[in-house]
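>>> Got a predicted model here, sequence first, then my questions.
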Amino acid sequence: MGVTNTGNVLFWRVHLGSNGGQPLTSSSPVSACKLPSEVRTLCPNPTGAAFLGATSKEVFIFQERTLAFAALHPLIAVQTSVDVMSVTNQTTDTKVEQKLKFAILGAAITETVLAVWGADQVCLYDISSGTVKEVRSFARDFVCLGAHGKVLVAVRDSSLSVLSSQGVAGKSELRIQPHEGLAVLMDNHRNHCVVGTSLGVLKLADLDKVDGKHWVRSRNVKDLAQNFARLRSAKVNIDGTFIAVLIEKAGDSKADSSVYVWDTERDSLMSFDCQLLGSHGSPFRDTKGAIRESSALDSKPEELAWDAKDRRLLCVHLRHADGGRGIATFFPTSEKGLLLNSVVQSTTNVRGLLLGCAAPFVYFYSGSEEQQGKLGVVKRVLPDFEGSSLVDNLDDCKTVTHFCYYSALGKIAEAVNAVKTPNASAVWNHLARLCVRGGKLEYAKMCLAKLSRADVLADLRAFSRTHPDPELQLGHLAALLQLMDVAQSCFDGAKAPELTLELQKASGDWNGLLDTLSSSTADRLRRRETLYSMAVNDVTFGDVDDAVKKFSDANCDKFDVPRLLLARQPSELRPYIDQADDRKLFGWYGHFLETQGLIDDAVDYYRKAGDLKSVVRTMVDQEEEALTLVRASKDKAAAFQLAHTLEIDGNTEPAVLIELYETASAYSSAIRICMVHKMAKTSGRPN
């Protein structure tokens, strides 16, 4: 946020980059307002949802409000600043903007008409030709506005009525009774409209049949949760059969963590507590379909969106307690209530606004790295279609959704029969992986059978003979399909460390393997082997520095490191030998220098290594110096080496040879010299 000397207050939105990247800031302010005089103080509250501003005479409170938007696939209209509306066509990838003369509070859209309203005025625009042309405007006297075809529907405090193109209410009107409260929110999808009241009553209307007499359905949801305070959001699906609801609790004004769905045909309520969901990928399930407790985090729903064409698919934007965001999809069913289909961490930015859902995509208004931090409509792939090439074929996407729906219900025959597409091989391949991620082992095996993957099924059968636990079998199948994250989760959940180690080693996850080995005292014996394998792997890829460190950690540095440096980085060999300060390495390097003809340098390293035998061996033409060295050091190996060399040369006095052999404790050799030269006795050992 920032202020100018003329009283303008500007607000920017900063988003966290994906995977901990650099923060992304919108290039232009997302909001602005003007105060009567220069601002002296401006500070946010701890949540950042409100700001306190003060001039020399007055104090102002600024409260954050969600941007106005309206979506009717493929059109998305979203407020981009205080008085600018942008309309994007996702099919043609075109965008047009319209600047208004007032601050925008809400919007509604059809295939041909865009309605935008502010505090006192409503403007209608024709968007049928791909451009935005103002048609007319009229005064606003309603809470919110909906649109269907050429019909505008206004919701006032206690009624819903159809408006003419001039904004005049018709005779048809649906009344809200005093005991039901006042209208506070509305949503319409095609011809179905839902109105929520201040007392928690939901009322459903068919915009094609507003006869002034009856609502289609009404339901009080005030008893859904304890401490009910108000409705946060209500969204109706494409045919009006389901209405998704978010509520807020009283007291601390905290959003409820559950998603509620009203089945209007059966007049029943169902719910799902989002606290079961985590922020790090799908909540891996066991083979009975239960979500593992280890994946549970404190998650709360932020926004809702029904699929634009499939009445069963509900998309929920989640906010996690650790600051992450997620996308979850659900299927409302009459048999089993509200079923979780999938959930993944969102790749959009932290404060993205969910605009709509049209499988296989979900749309956000957010900043993103691909847009260099600029705010705009961002298209993301739904969890069921991630990593798949099926997103380009709508028929295949429908097939996947049908399969997911029936598999969530446990109807395996209907799920199989749902796959009727010319591209069946690609669909079955994608579904096999999807079932493994969802913990549905039998469904995954069925998909592989449809693909004629007898090799994978035979491998799985062989594994099952020694590992009857279905969780381990699911992990093994995940490894065969290269779903390493799922495989490791299954092995960890089944407490099979040996399989986890094999998986990490096979997949090259060396760091994870080391962490696993370090967690158990018994497994620390295998660290050297693992470190050595990691070092060899680094050598293969030319990472010499890391290889040297790992050889050292594996206690293999005395043998492998010098040879590695000699082959890859010869100039680094001598500094490494010097800093190692190891007598074995000094001796090895001395031998190497001697083979290169660097005798003087070799002698220096032999001395550092304490290898006087090798020093004497190099002093072929320096008999006196060699004798002096041996007599001073009394080194047995050096004495024997020198005596043997001088005896072969034949020009040395027998007494000197006897002295050297005695120093080396080689008494038999000394006696032999005495006998050869007929000497009476040695100076040491008696006859």
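That came in fine, so what should we check first?

>>> Which strand or helix spans the nearest residue to residue 611 once chain neighbours are set aside?
The shortest distance from residue 611 to any non-neighbouring residue, by Cβ to Cβ, 6 or more residues apart in numbering, is to residue 587 (5.0 Å). Any C-beta I mention is one placed from the backbone N, CA and C, and that applies to glycine too. In this structure, residue 587 sits in helix 583-595 according to DSSP states H and E.

>>> which residues does the nearest residue to residue 180 once chain neighbours are set aside contact?
Take residue 180 and drop its neighbours on the chain: the residue closest to it by Cβ to Cβ, 6+ apart is residue 201, 4.3 Å away. Residues in contact with residue 201 (Cβ atoms under 8 Å, 6 or more residues apart in numbering) are 176, 180-181, 218-222.

>>> now swap in residue 182 and tell me
Contact partners of residue 182, counting by Cβ under 8 Å, 6+ apart, are 157-158, 176, 197-198.

>>> run the last query once more with 7 Å
The contact partners of residue 182, by Cβ atoms under 7 Å, 6 or more residues apart in numbering, come to 157-158, 197-198.

>>> gap between residue 462 and residue 192?
Per Cβ to Cβ, to the nearest Å, residue 462 is found 54 Å from residue 192.

>>> which one of those two has more residues nearby?
Between residue 462 and residue 192, residue 192 has the larger neighbour count (other Cβ atoms under 10 Å), namely 23 against 11.

>>> how near is the more buried one to residue 75?
Counting by Cβ to Cβ, the gap from residue 192 to residue 75 is 18 Å.

>>> And residue 448, by the same measure?
Separation of residue 448 from residue 75 (Cβ to Cβ) stands at 41 Å.

>>> between these two, who's got more neighbours?
Higher neighbour count among residue 448 and residue 75: residue 448, with 24 against 19, using other Cβ under 10 Å.

>>> does the more buried one sit in a helix or strand, and which one?
Going by DSSP H and E, residue 448 is in helix 441-450.

>>> same question, residue 306
strand 299-306.

>>> now the angle between strand 299-306 and the helix or strand following that strand, please.
Once the chain leaves strand 299-306, the next helix or strand it forms, by DSSP H and E, is strand 314-320. Interaxial angle, strand 314-320 versus strand 299-306 (axes from the mean of the first three to the mean of the last three Cα atoms, to 10 degrees): 150 degrees.

>>> same for the following helix or strand past strand 314-320, what does it pack against?
Following strand 314-320 in sequence order, the next helix or strand is strand 325-333 (DSSP H and E). Counting by 3 or more Cβ pairs under 7 Å, 6 or more residues apart in numbering; DSSP states H and E, the packing neighbours recorded for strand 325-333 are strand 258-263, strand 314-320, strand 337-345, helix 394-409.

>>> Please pull out the lowest mean pLDDT helix or strand from the protein.
Taking mean pLDDT, DSSP states H and E as the measure, the chain has strand 24-25 as its least confident helix or strand, at a mean of 42.

>>> Let me know the pLDDT of the closest residue to residue 423 other than its chain neighbours.
If the residues on either side of it in the chain are set aside, residue 423 comes closest to residue 396, at 5.5 Å by Cβ to Cβ, 6+ apart. You'll see residue 396 listed with a pLDDT of 89.

>>> same thing with residue 49?
55.

>>> Then residue 35?
At residue 35, pLDDT is 61.

>>> thinking again about what came up before, report the buried residues of the helix holding residue 587.
Using 16 or more other Cβ atoms under 10 Å as the test for burial, helix 583-595 gives 585-590, 592-594.

>>> Beyond that helix, next helix or strand please.
By DSSP H and E, the next helix or strand past helix 583-595 is helix 599-609.

>>> Strands along the stretch 151-300 of the chain, start to end?
151-156, 159-163, 169-175, 183-189, 192-197, 201-206, 217-220, 228-236, 242-249, 258-263, 268-273, 299-306 (DSSP state E, counting those that start in this stretch).

>>> Where among these is average confidence lowest?
Looking at the strands of the stretch 151-300 of the chain, the bottom one is strand 169-175 with a mean of 79.

>>> for that one, which positions count as buried?
Neighbour-count burial for strand 169-175, counted by 16+ other Cβ under 10 Å, picks out 169, 173-174.

>>> between it and strand 192-197, how big is the angle?
Using the same axes, to 10 degrees: strand 169-175 against strand 192-197 is 60 degrees.

>>> Identify the neighbouring strands of strand 169-175 in the sheet and state each direction.
For strand 169-175, the pairing partners within the sheet under DSSP bridges are strand 159-163 (antiparallel).

>>> Pull the distance from the strand it pairs with to the chain's centre.
46 Å (Cα atoms, centre = their mean, to the nearest Å).

>>> if I pick residue 185, what's in contact with it?
Residue 185 neighbours (Cβ under 7 Å, 6+ apart): 144, 196, 231, 234.

>>> how about the third one, what does it touch?
Yep, that's residue 231 we're talking about. Counting by Cβ under 7 Å, 6+ apart, residue 231 has contacts 184-185, 196, 200, 245, 247.

>>> So what sits opposite it in the bridge?
residue 247.

>>> just to revisit the earlier point, isn't the residue nearest to residue 611 up against residue 610?
No: using Cβ atoms under 7 Å, residue 587 makes no contact with residue 610, being 8.2 Å away.

>>> Leaving out chain neighbours, which residue sits closest to residue 115?
Spatial nearest neighbour of residue 115, excluding adjacent residues (Cβ to Cβ, 6+ apart): residue 108 at 4.5 Å.

>>> A strand includes the one you found, no?
Yes: assessed with DSSP: H, G, I helix; E, B strand; the rest coil, residue 108 lies in a strand.

>>> could you check the distance from it over to residue 312?
Distance of residue 108 to residue 312, given as Cβ to Cβ: 25 Å.

>>> Of these two, give the one with the bigger neighbour count.
residue 108 (24 against 21).

>>> contacting residues around the more buried one?
Residue 108 touches 70, 115, 145-147, counting by Cβ under 7 Å, 6+ apart.

>>> ok, now residue 352?
325, 364-366, 378.

>>> Please repeat the previous calculation with a cut-off of 8 Å.
Taking Cβ under 8 Å, 6+ apart, we find residue 352 in contact with 317, 325, 346, 364-366, 378.

>>> swap in residue 618?
Contact analysis of residue 618 by Cβ under 8 Å, 6+ apart lists 594, 599, 602-603, 606.

>>> Try it again at 6 Å.
Contacts for residue 618 (Cβ atoms under 6 Å, 6 or more residues apart in numbering) come out as 599, 603.
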